[in-house]
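1. Quick one: sequence and predicted model below, then my questions.
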Amino acid sequence: DLLIVNQSMDTPMDIASWRATFGAQSHLLEETLPTKDPFKLFNVWFLEVSALKGECSFEEMNAVSVSTVSGDGRPSSRMVLLKSFDDAGFTFCTNYDSRKGTQLAANPHAALLFYWPRLHRQVRVEGVIEKIPEEQAEAYWNARPISSRISAKASDQSSVIPNREHLTRRQQELEQKVASQGEEAASKPEKWGGLVLRPAYFEFWQGQQNRMHDRICFSTEKPATESTDFISSSDRPGWHMFRLAP
């Protein structure tokens with residue numbers, strides 16, 4: 001059923017008291033981590049959330065927020081689907097002429113945020129973005145359903161358009177070309193490709209009762225702290241591990 005809230009904008013809804021109650025969670029402790037390598041720890045967490053896919057059909061487990069900053073310092077965020085991750089970094093695809101594409105061309109620093117509410121977990125990843133090789137982008141493109149390729153090619157992502165009909169017309173024109181010429185008519189545009197974030201920082205966040213959350217971080221740079229005793233070595237050379245207050 002559709003819930004309709006009869007609330008005037010002149011009388012804002014009181015959401016200050018909206019607060020989820022976290023069930024008891026295992027504490028995220030340095031001594032019980034399955035690994036102190038942030039790349040491997042992300043893989044452990046991703047495997048754990050992936051195992052719940054049948055219970056969380058409304059969630060896309062590989063959905064991630066990508067935040068970028070323009071050349072004049074204005075941030076923006078959007079959700080994308082992660083295509084792969086490994087020791088090289090985290091890969092997603094986009095139109096290079098989109099807002100995020102142009103912002104990253106001017107400032108390659110970016111941040112990813114994964115949020116898995118079923119497990120009360122977040123992971124933040126920060127680093128520098130690079131384009132993936134063209135042959136890899138081509139493989140990602142060709143692995144997409146033909147309907148998705150048509151839609152991506154028909155849309156000049158982030159450009160201002162007159163109306164919805166404009167998109168529909170371009171989509172239908174391309175569908176007709178594919179029907180008569182084959183899937184080559186929906187080949188990858190030059191401006192479409194993949195981006196990989198090379199991490200320099202991870203934060204693993206585990207929600208806890210009463211907002212005493214756990215935050216375990218890994219960074220290639222030592223954080224500012226009153227004591228170096230607060231910083232531990234990581235299993236990955238060149239990385240440091242530390243805890244942040246929630």
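-> That came through fine. Keep in mind that what you see is a predicted model, and the values were worked out from it rather than measured.
2. rest of the way, CA atoms for contacts and neighbours
-> Noted.
3. Now name the helix or strand holding residue 135.
-> Secondary structure assignment for residue 135, by DSSP states H and E: helix 134-143.
4. rounded to a whole number, what's the mean pLDDT of the next helix or strand after that helix?
-> On the C-terminal side of helix 134-143, the closest following helix or strand by DSSP H and E is helix 146-154. Helix 146-154 shows a mean pLDDT of 94.
5. Name the next helix or strand downstream of helix 146-154, please.
-> Using DSSP H and E, the helix or strand that follows helix 146-154 towards the C-terminus is helix 164-181.
6. The helix or strand following that next one pairs with which strands?
-> The helix or strand immediately downstream of helix 164-181 is strand 192-206, counting by DSSP H and E. Taking DSSP bridges as the criterion, strand 192-206 forms sheet pairs with strand 89-95 (antiparallel), strand 121-131 (antiparallel), strand 214-219 (antiparallel).
7. tell me the angle the helix holding residue 135 makes with strand 89-95.
-> Relative orientation of helix 134-143 versus strand 89-95 (axes from the mean of the first three to the mean of the last three Cα atoms, to 10 degrees): 70 degrees.
8. which helices and strands does helix 134-143 pack with?
-> On a contact count with 3 or more Cα pairs under 8 Å, 6 or more residues apart in numbering; DSSP states H and E, helix 134-143 meets strand 192-206.
9. ok now the strand it packs on, how far from the chain's centre?
-> The chain centroid and the centroid of strand 192-206 are separated by 8 Å under Cα atoms, centre = their mean, to the nearest Å.
10. quick one: whatever helix or strand residue 105 lives in to chain centroid distance?
-> Secondary structure assigned from DSSP H and E places residue 105 in helix 99-106. From the chain centre to the centre of helix 99-106 is a distance of 16 Å (Cα atoms, centre = their mean).
11. buried residues in it?
-> Across helix 99-106, burial judged by 16 or more other Cα atoms under 10 Å covers 99, 100, 101, 102, 103, 104, 105.
12. what sits up against that helix?
-> The contact list for helix 99-106 (Cα atoms under 8 Å, 6 or more residues apart in numbering) reads 68, 69, 70, 71, 76, 94, 95, 96, 110, 129, 158.
13. Going by neighbour count, which of those comes out on top?
-> residue 68 (25 neighbours; other Cα atoms under 10 Å).
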